[in-house]
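Peer 1: just coords:
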């Protein structure tokens, strides 16, 4: 039987977009995606449990648990469990986002402008178009509803990967890299939105005070000091001061992540694993396996009120705007911007993928969950009618986007299997697949 012809590797050709990255970068991305896939499954499970409990005869106990307050009041840290989850646990998630952002700009896909322009433009389009669609649905309503313009702008990478795992699709390396890079840039934009548009009652002295532990933390990590008993207290102090400053506390996680060096020092006797990689290995399982699912558990629970309640929720312009923005806005924004940038730069797709693959990925980007729920709470306040309607819409829009993406990507799965087989083929036995060795 004749050997199946190999797919050409176009990563070194000019004018190609969505080409394969280097083999080490490919393996790193695979490792991240595996962890996030497991986290996505736990996220789905936590969401289902919260929804069932919040709509069961024992619903009062769910809301009572969410509203239990713990903490030290003199430091203004007597918060409900739900508040601790959104301000505290999500800070770990955003710390990892900060690490990944810095790594992408220093040593990853975003360090090269030619490779960065497409995912950056796609992420921007995936934020701007959904926001505009939401605003159009709410222009003629009371001004309060416009506060939710940023709710449909986020993409939940863990939820998206869980969907890919459920439908058992095998995305080529180029698409996996694009999906992760898109999510990283999306997180950066979401961080900026939260910091600039959802900060209230700014306390400059507290913000200045946060710079002291942040500076000490930066000094230690730049010296490659890994002692948790030194780094953790400084990180907690930074978080506490940022929380007291009026800026959302998750921003502290991003600032701490930016402070960590992402490359190994290269000094003799130093571990080959860089500090950023070390911290990521330690914290990503906690973030994906505990922090984000717990946040989802406390945030996703909403009393639907049966079919009548769901109907009332989806008649709210807030909910209609969110669903339309997630399902249509994200797909149009991500795909349309990608198409325009590619065509105007006279680039072409890598031979392993087609435009229908990009459209499926753009639909998948409509799964907005973790950050969307957070922005919903910041927009309307936990427990408000608009926030409850926003939760229903986020769930509905994300589900519709997931189902549409599943149809498109599943139809291409045979092609993806062929590409994956080529990406794993190692005829010379050197431990590096041949398509990467030829790059």
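Peer 2: In hand now; what should we look at? Being a predicted model, the structure only gives us computed values, none of them experimental.

Peer 1: quick one: the strands in the stretch 301-439 of the chain?
Peer 2: Applying DSSP state E, counting those that start in this stretch to the stretch 301-439 of the chain gives strands spanning 348-349.

Peer 1: scratch that, the stretch 51-200 of the chain is what I was asking about
Peer 2: With DSSP E, counting those that start in this stretch as the criterion, the stretch 51-200 of the chain has strands at 69-70, 79-80.

Peer 1: Deepest-packed of these, please.
Peer 2: strand 79-80 (a mean of 18; mean count of other C-beta atoms under 10 Å). C-beta: built from backbone N, CA, C; applies to glycine.

Peer 1: Mind giving me the packing neighbours of that strand?
Peer 2: When contacts are defined as 3 or more C-beta pairs under 8 Å, 6 or more residues apart in numbering; DSSP states H and E, strand 79-80 sits against strand 69-70.

Peer 1: Name every strand pairing with the strand it packs on and say which way it goes.
Peer 2: Taking DSSP bridges as the criterion, strand 69-70 forms sheet pairs with strand 79-80 (antiparallel).

Peer 1: Please work out which residues outside the partner strand touch it.
Peer 2: 66-71, 87-88 (C-beta atoms under 8 Å, 6 or more residues apart in numbering).

Peer 1: same check, this time on stretch 226-235
Peer 2: Contacts of stretch 226-235 (C-beta under 8 Å, 6+ apart): 95, 213-214, 216-217, 220-221, 225, 252, 256, 275, 278.

Peer 1: Among those, which lie within strands?
Peer 2: Residues of the contacts of stretch 226-235 located in strands (DSSP state E): none.

Peer 1: From those, list just the buried residues.
Peer 2: Neighbour counting by 16 or more other C-beta atoms under 10 Å classes 95, 213-214, 216-217, 220-221, 252, 256, 275 among the contacts of stretch 226-235 as buried.

Peer 1: Point out the least confident member of those residues, please.
Peer 2: When the buried ones among the contacts of stretch 226-235 are compared on pLDDT, residue 275 comes out lowest, with 87.

Peer 1: ok, longest helix in the protein?
Peer 2: Secondary structure of the chain read by DSSP state H shows that its longest helix is helix 23-54.

Peer 1: which secondary element of the protein has the worst mean pLDDT?
Peer 2: Within the chain, no helix or strand scores below strand 16-17, which has a mean of 61 by mean pLDDT, DSSP states H and E.

Peer 1: Next, count neighbours for residue 315.
Peer 2: Counted with other C-beta atoms under 10 Å, the neighbours of residue 315 add up to 10.

Peer 1: What score does it have for pLDDT?
Peer 2: 80.

Peer 1: circling back: mean pLDDT and distance to residue 60 added to the strands of the stretch 51-200 of the chain, as a markdown table?
Peer 2: Shown next, in a markdown table, are the strands of the stretch 51-200 of the chain (pLDDT from 0 to 100; distance: least, C-beta to C-beta, whole Å):
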| stretch | mean pLDDT | distance to residue 60 |
| --- | --- | --- |
| strand 69-70 | 90 | 17 |
| strand 79-80 | 88 | 15 |
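
Peer 1: Which one of those lies nearest to residue 43?
Peer 2: Comparing the strands of the stretch 51-200 of the chain against residue 43 with C-beta to C-beta, the closest turns out to be strand 79-80 (20.8 Å).

Peer 1: circling back: now the buried ones among the contacts of stretch 226-235 as a markdown table including distance to residue 404?
Peer 2: What follows is those, written out as a markdown table (distance: C-beta to C-beta, whole Å):
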| residue | distance to residue 404 |
| --- | --- |
| 95 | 33 |
| 213 | 46 |
| 214 | 43 |
| 216 | 48 |
| 217 | 43 |
| 220 | 47 |
| 221 | 43 |
| 252 | 36 |
| 256 | 37 |
| 275 | 41 |
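
Peer 1: now, which of those residues sits nearest residue 361?
Peer 2: Nearest to residue 361 among those, counting by C-beta to C-beta, is residue 95 at 26.4 Å.

Peer 1: ok, the closest one - contacts?
Peer 2: 235, 253-254, 256-257, 283 are the contacts of residue 95 under C-beta under 8 Å, 6+ apart.

Peer 1: For stretch 53-65, give the mean pLDDT please.
Peer 2: 91.

Peer 1: And stretch 141-157, by the same measure?
Peer 2: Averaging pLDDT along stretch 141-157 yields 84.

Peer 1: For it, measure first residue to last.
Peer 2: 32 Å (C-alpha to C-alpha, to the nearest Å).

Peer 1: How many neighbouring residues does residue 162 have?
Peer 2: With other C-beta under 10 Å as criterion, residue 162 counts 23.

Peer 1: which residues touch stretch 113-127?
Peer 2: 17-18, 109-110, 153, 155, 178, 181-182, 185-186, 188-189, 329-330, 333-334, 336-338, 340-342, 345, 347, 362, 365.

Peer 1: please redo it, this time with the cut-off set to 7 Å
Peer 2: Residues outside stretch 113-127 that contact it (C-beta atoms under 7 Å, 6 or more residues apart in numbering) are 17, 109-110, 153, 155, 178, 181-182, 185-186, 189, 330, 333-334, 336-338, 341-342, 365.
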